[in-house]
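Visitor: One predicted model, sequence on top.
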Amino acid sequence: MAKNAKASVDKIVKKVNKEFEKTSAQIEALISDAMKHFDSLQQQVQDPVRKLLKEVDELRERELRRFNDEFERRLDEFHELQSNILERLGVASKEDIKKAEKESKKELKKKPAASKKQPAAKKAAPKKSAAAKPATKKPATPKEKKPTDRSDLTLVKGIGPATAKKMKDAGITSIDQIADPSEADQEKLNAFSSIKGFDQLTAEAKKIN
């Protein structure tokens, strides 16, 4: 009787162990599937995050470029305003002052040389010099006025070198296009409506002969 009871217990233990192993295998399979799903979900979350970070970097670069462009534009406007103020005040640059000084020195050197040659000419040929005197009394012909360079947009009050360059790049190459603009020219000029004194550009251009 005891042997039969022991045998039945062994069978139950074996059956329990078998069921336990089977259940353990099922649990491991479930855990493995869960880990695979977790990895998949993690990948799905990481891809949008990477994409978002990339978009943020691109946005930052665009904003930096826009800021740099705006800064350069403001700097050009400042330089243009500075040049306009200097022109209105009649303040010349250092290079212009040095150039004027050199020209004045050259003229001063030429004048004494000319005055020294005149007495020698009088001594050598006094008759000729007397005959030549009436010729000096002839009225001097007026010098012809140089035509205005209509392509120099800086002659228009309110337009500095930087704005003139931008206008030429946009297709405004003559003062006449500002003084009497066509519809196409007016559209081009409207792109410069932000500059100071824009409303007076046409009137100022008409003043230039």
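Guide: Okay, I see it.
Visitor: Name the residues of stretch 162-182 that come out as buried.
Guide: Residues of stretch 162-182 classed as buried by neighbour count (16 or more other Cβ atoms under 10 Å): 162-164, 166-167, 172, 175, 177-179, 181. Where you see a C-beta, it was placed from the backbone N, CA and C, and this is true even at glycine.
Visitor: same question, stretch 12-20
Guide: So, applying 16+ other Cβ under 10 Å, stretch 12-20 has no buried residues.
Visitor: cool, stretch 184-195 as well?
Guide: 185, 188-189, 192, 195.
Visitor: which of the buried residues of stretch 162-182 lies closest to residue 63?
Guide: Comparing these against residue 63 with Cβ to Cβ picks out residue 166 as the nearest, at 23.9 Å.
Visitor: tell me what the helix or strand that closest one falls within is packed against?
Guide: Element membership for residue 166, per DSSP states H and E: helix 161-170. Under the contact criterion of 3 or more Cβ pairs under 8 Å, 6 or more residues apart in numbering; DSSP states H and E, helix 161-170 touches helix 2-89, helix 183-190.
Visitor: let's go with 7 Å and repeat that
Guide: helix 2-89 (3 or more Cβ pairs under 7 Å, 6 or more residues apart in numbering; DSSP states H and E).
Visitor: coming back round to it: need the next SSE after the helix holding residue 166, C-terminal direction.
Guide: helix 175-179.
Visitor: I'd guessed residue 173 sits against residue 151; true?
Guide: Yes: taking Cβ atoms under 7 Å as the definition, residue 173 is a contact partner of residue 151 at 6.0 Å.
Visitor: Can you give the domain ranges for this protein?
Guide: Domains of the chain are assigned by automatic domain parsing as 7-90, 149-209.
Visitor: Mind telling me which of these the model trusts least?
Guide: When the domains of the chain are compared by mean pLDDT, domain 7-90 comes last with a mean of 85.
Visitor: Any idea how far it is from the middle of the chain?
Guide: 36 Å (Cα atoms, centre = their mean, to the nearest Å).
Visitor: Can you tell me what sits against the helix holding residue 166?
Guide: Helix 161-170 is contacted from outside by 76, 79-80, 83, 153-154, 188, 191-192, 195, using Cβ atoms under 7 Å, 6 or more residues apart in numbering.
Visitor: quick check: angle from that helix to helix 183-190?
Guide: Here helix 161-170 runs at an angle of 140 degrees relative to helix 183-190 (axes from the mean of the first three to the mean of the last three Cα atoms, to 10 degrees).
Visitor: What is the neighbour count of the residue lying closest to residue 179 once chain neighbours are set aside?
Guide: Distances taken as Cβ to Cβ, 6 or more residues apart in numbering put residue 205 closest to residue 179, at 3.8 Å, once the chain neighbours are dropped. Per other Cβ atoms under 10 Å, the neighbour tally for residue 205 reads 23.
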